[in-house]
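Engineer: Next input, structure requested:
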Amino acid sequence: MKTTLLLSVLCAVMAVAASQSCGSEICATDEICNNITNTCQCNTTFYTFTPGSLPSPNLTCTGAKFNIQVSKCWLEKQGYKTSDIRLNGTDSECLAVRELVDGKSEMTLHHPVTSSACNTVHVINSSHVTYTNLLSFFGKTDPIRITNDAVMNISCSYPLNISVTLNVTLRPIMGITEITGPTGNGSYAAVMIAYKESTYTTALSEDSTLTVEDIIYLSVGVPGLDVNTFKLKVVNIYASPTDSSDQKYYLLRDGCPSSQISPDQLTQAYNGNGTESRFAMKVFKITSSNTVYLYADLRLCTTDCSTTCTSRSKSDGSQDIAGRVGVYLDASDTSDYLDTSSASGFSMPWTLPALIFSWILMKLM
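Structural biologist: Numbering: from 1, shown residues only. Model prediction:
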């Protein structure tokens, strides 16, 4: 009984100590406050130095992010510099930061898996798209070095959730982003892929050559989504000449083909009654621009939310947008591979650049 009471008191004291402020910081249970500098410092007596021991970070792929977590004080005990733990990039967004997790001091990094961000790369095979990066740890050199630098591969894979087999395509025309559930709780990875044919079996790549008026096929899906709980709906699809342009040329609006385009410009196979939406789109080019950014606004519904579209009509009312995913076309003769915050990029030469849908723009502007 006395032992139990003593443990309870000790736990209460530790909890109070952990919640004490230290300057502008709150110290973790494995930290102490330096009253001179008013900063939290690791209490390395909690950890044992093990020569040659490598970091073992906890990696999860929630939504569309690398989520990395590793003990700050363990790293410091092993001789690593916690101020410089990074993905394969020099931007500040590639750096891990201190975060209190379950009362302990952790170095964490939550970074989107979009391609080229922090030099992330991705490949696609018959069943998954996999994003990979390098996570680097550097040994302290002041006053002496006791630990070597460490670099490890990290990766997040997302199932494509399709019933047919894809041809293996490097750098496919696709985008991935994170969207939230209807109640704001939970996050999911949404993937947008462009295909060559109506069977949705062969993904387009940046090396694919298209001609204006060719038909491409767009799939927008949320892999692993429980169809009995949620349905995915693409609310809007629009094109823009730049990633920040106010010019939006709507192909789909409020769940229905826009009344400002020709009836055959965009057709939808199904949308709002499953975990994937599919569309056929006629290829076009925006006048005076080499680039077409194509975006899809997404919504998750708890019931079937497909829209019955009559000819040249739209559904009524605004619809909550859970997120946006996109890809873009580069009409110039380059092979640069670009990216935006929510869409993977690609470069695609046009074989007939003189054929431009100027009459679409006249109607839309």
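
Engineer: I'd like to know the average pLDDT value across stretch 20-28.
Structural biologist: Throughout stretch 20-28, pLDDT has a mean value of 88.

Engineer: May I have that stretch exported as CSV, CA atoms only?
Structural biologist: C-alpha atoms of stretch 20-28 as CSV (Å, rounded to 0.1, in the frame of the first residue of the first chain):
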residue,chain,number,x,y,z
GLN,A,20,6.5,23.5,-15.7
SER,A,21,7.4,26.4,-18.0
CYS,A,22,11.0,27.1,-18.9
GLY,A,23,11.1,30.6,-20.5
SER,A,24,8.8,30.3,-23.5
GLU,A,25,9.0,26.5,-23.6
ILE,A,26,7.4,23.6,-21.8
CYS,A,27,10.0,20.9,-20.8
ALA,A,28,9.3,17.3,-21.5
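
Engineer: Just the buried positions in it, please.
Structural biologist: For stretch 20-28, the neighbour count (16 or more other C-beta atoms under 10 Å) marks C22, C27, A28 as buried. Any C-beta I mention is one placed from the backbone N, CA and C, and that applies to glycine too.

Engineer: how far away is A296 from G326?
Structural biologist: Using C-beta to C-beta, to the nearest Å, A296 is found at 6 Å from G326.

Engineer: Common neighbours of these two, please.
Structural biologist: M192 (C-beta atoms under 8 Å, 6 or more residues apart in numbering).

Engineer: what's the closest of the buried residues of stretch 20-28 to E213?
Structural biologist: A28 (61.3 Å; C-beta to C-beta).

Engineer: The closest residue in space to the closest one that isn't next to it in sequence: neighbouring residues, count only.
Structural biologist: Closest residue in space to A28, ignoring its immediate chain neighbours: S105 at 3.9 Å, by C-beta to C-beta, 6 or more residues apart in numbering. By other C-beta atoms under 10 Å, 25 other residues sit near S105.

Engineer: do D226 as well
Structural biologist: 8.

Engineer: What separation do you get for G79 and Q41?
Structural biologist: 16 Å.

Engineer: So between these two, which is more surrounded?
Structural biologist: Counting neighbours by other C-beta under 10 Å for G79 and for Q41 shows that G79 has the greater number, 18 against 15.

Engineer: Hmm, S277 is touching Y217, no?
Structural biologist: No. Under the criterion of C-beta atoms under 8 Å, S277 is not in contact with Y217, lying 11.5 Å apart.

Engineer: out of these two, which sits in the more crowded spot?
Structural biologist: Comparing S277 with Y217 by other C-beta under 10 Å, the one with more neighbours is S277, at 27 against 21.

Engineer: residues contacting the residue lying closest to that one once chain neighbours are set aside?
Structural biologist: Nearest-residue entry for S277: N271, 4.1 Å, with adjacent residues in sequence omitted and distances by C-beta to C-beta, 6+ apart. Residues near N271 by C-beta under 8 Å, 6+ apart: K233, V234, G255, S277, R278, F279, S306, T307.
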